[in-house]
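Student: Provided below are the primary sequence and the corresponding predicted coordinates.
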Number of protein chains: 2
Amino acid sequence: MSQPAETPPAPPRIDRTAADAQQRAAGWRMDRLTSALVPTMGALHEGHLALVRAARERADRVVVSIFVNPTQFAPTEDFASYPRDHDTDLAKLAALGVDAVFMPETAEVYPPGFATTIAVAGPGEGLETDFRPTHFQGVATVVAKLLLATQPDIAIFGEKDYQQLMVIRRMVADLTIPVRIDGFATVRESDGLALSSRNAYLTPGERETAPVLHRALQTAAQAITTGGNPAQALDAARAALADAGFVVDYVELRNAETLDVVTNPAAEPLRLLAAARLGKTRLIDNIAV
Amino acid sequence: MSQPAETPPAPPRIDRTAADAQQRAAGWRMDRLTSALVPTMGALHEGHLALVRAARERADRVVVSIFVNPTQFAPTEDFASYPRDHDTDLAKLAALGVDAVFMPETAEVYPPGFATTIAVAGPGEGLETDFRPTHFQGVATVVAKLLLATQPDIAIFGEKDYQQLMVIRRMVADLTIPVRIDGFATVRESDGLALSSRNAYLTPGERETAPVLHRALQTAAQAITTGGNPAQALDAARAALADAGFVVDYVELRNAETLDVVTNPAAEPLRLLAAARLGKTRLIDNIAV
């Protein structure tokens, strides 16, 4: 009997409890296999898949977690309507040869009596926190749980959620969670719009306007790099966004490592970060300067 | 050449950084050796040593951590004067054959920019928290760090700090830290006083009075067990303490597992908990009912 030219990869192992995921991790460790985790909320797009491909290059085994975490949504936000399509997600991950998927139910992650919150000051203060006050507490707590359940050597996060990446780096260093946190460059549409599961909310007209966010950041970064006044560059970006129909939450220049307010632009690593709403959809983006 | 009848155990390995402790833990894991941690603030007394002996019975290897954690003391409390005697502590641990001691400096545990806090509601609310509002945040955060640095299979805590034990159990379950938390019965002087490093603060006269705390709890437990009214039993204990010269912070009857206020004494596991000050020294104690 002839074999097919290419054997499709085996479907990933699916763990639904932390105990099962930890048992799987202990087995890999005993076999001296390294692993990389890509945490997601599902609704996987090319940005997620780029993280998964990076994970395959950086470790022997790849784990993806899929969990829409209720505690990082405010009551007014889109938890209920956040896109969920597990079958499509799992097919995409199987096609990429992902080894394990950690996909717990909400009641497994937050059982009755759950009482623990991890708060990160420093990079967790300001920017997003001014508009989503409890968001990063939800993120930090669930990411700690995901890391402790799946026990990877490396965890890879997209830079699109740049403040989230800095919050997680800080938490992992502070708690000495034994994992390396890697950032991964934002994946964009050809017109510059950062990939996001929430782009699906945009109307066709809003979708046409949406790339203005990235272009406004690029223009501001260019101005600052060539010696322009940072405050004027930020004001110009805010004006460009408002002109295009955005309601601006913030456009800020920050220290790229601490997210502190910049005191000496010539001597610090810089990052431009923005959040703005287009109709009912809130978009965020950021770029290096 | 004749061997001595008994070879003294090798001195423990001393790790001063989380990275070193994690490397040591990974080695033991590869050798399929289990380990048990006894976290302490040093000033080791017979209570601590009983925990170390229990640890030896429960795992292949024993780790003791020694760290006087500044974040669990309020500014008005005894952080600066808390007894410290590392040489004596290490000699006691060497004599018991402890395998490793994790003894980090404050700057290793809380480096510049440290920004992460773990808060535990539920069992972390009320009782001690009413008098030491940030105490358990400090405890939970540092214990998470100690567990993640030393990576034991079991960690053993004295029941003398009963609320602390419940806070840690809750945190470990909530974050799915892969460790078993064991409580260990309070070790007492012959007159009933619970061993505590802070007993060293007592004047000779206060030391004579101190066992009244345990006796008042015993009397109240006896009254409740034999059908007495719980509120009256607690009032009698408070009165006995005040008569003996204590300033009472609290004497409370709680659910032994959740530390919730008791609604049905006949159907719940019960614990009596008390804190009271004698001169400048604050004593705590608790017993099962």
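Tutor: Sure, I can see it. Numbers count the residues shown, from 1 in each chain, chains lettered A, B, ... in the order given.
Student: first-to-last residue distance for stretch A:37-45?
Tutor: From the first residue to the last, stretch A:37-45 extends over 17 Å; the measure is Cα to Cα, to the nearest Å.
Student: now the strands: where do they sit in the stretch 51-200 of chain A?
Tutor: A:61-66, A:100-102, A:116-120, A:154-158, A:180-184 (DSSP state E, counting those that start in this stretch).
Student: need the ones you listed in TSV (columns: mean pLDDT, mean neighbour count and distance to chain B).
Tutor: To be clear about C-beta, it is placed using only N, CA and C from the backbone, and glycine gets the same treatment. As requested, the strands of the stretch 51-200 of chain A are arranged in TSV below (pLDDT from 0 to 100; neighbours: other Cβ atoms under 10 Å in any protein chain shown; distance: least, Cβ to the nearest Cβ, whole Å):
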stretch	mean pLDDT	mean neighbour count	distance to chain B
strand A:61-66	98	26	13
strand A:100-102	98	24	11
strand A:116-120	98	23	4
strand A:154-158	98	22	15
strand A:180-184	98	17	12
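Student: nearest to A:Gly279, of those strands?
Tutor: For the strands of the stretch 51-200 of chain A, distance to A:Gly279 was read as Cβ to Cβ. The smallest value, 23.7 Å, belongs to strand A:154-158.
Student: dump that closest one to PDB, restricted to CA.
Tutor: Included here for strand A:154-158 are C-alpha records, laid out as PDB according to Å, rounded to 0.1, in the frame of the first residue of the first chain:
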ATOM      1  CA  ILE A 154       8.600  30.400  26.400                       C
ATOM      2  CA  ALA A 155       5.300  32.300  26.000                       C
ATOM      3  CA  ILE A 156       4.700  34.400  22.900                       C
ATOM      4  CA  PHE A 157       2.500  37.500  22.900                       C
ATOM      5  CA  GLY A 158       1.800  39.900  20.000                       C
END
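Student: for it, packing partners?
Tutor: Using 3 or more Cβ pairs under 8 Å, 6 or more residues apart in numbering or on different chains; DSSP states H and E as the contact test, the elements touching strand A:154-158 are strand A:35-40, helix A:46-58, helix A:162-175, strand A:180-184.
Student: hang on, the earlier thing: let me know which of the strands of the stretch 51-200 of chain A is the nearest to B:Gly192.
Tutor: strand A:116-120 (34.5 Å).
Student: what packs against that closest one?
Tutor: When contacts are defined as 3+ Cβ pairs under 8 Å, 6+ apart, strand A:116-120 packs onto helix A:135-150, helix A:162-175, strand B:116-120, helix B:162-175.
Student: any idea which of the ones you listed gets closest to A:Ala18?
Tutor: Each of those was checked against A:Ala18 via Cβ to Cβ, and the shortest separation belongs to helix A:135-150, namely 3.8 Å.
Student: how far is that closest one from where the chain is centred?
Tutor: 12 Å (Cα atoms, centre = their mean, to the nearest Å).
Student: that helix near chain B anywhere?
Tutor: Yes. Judged by Cβ under 8 Å from any Cβ of the partner chain, helix A:135-150 comes into contact with chain B at A:Ala140, A:Thr141, A:Ala144, A:Lys145, A:Leu148, A:Ala149.
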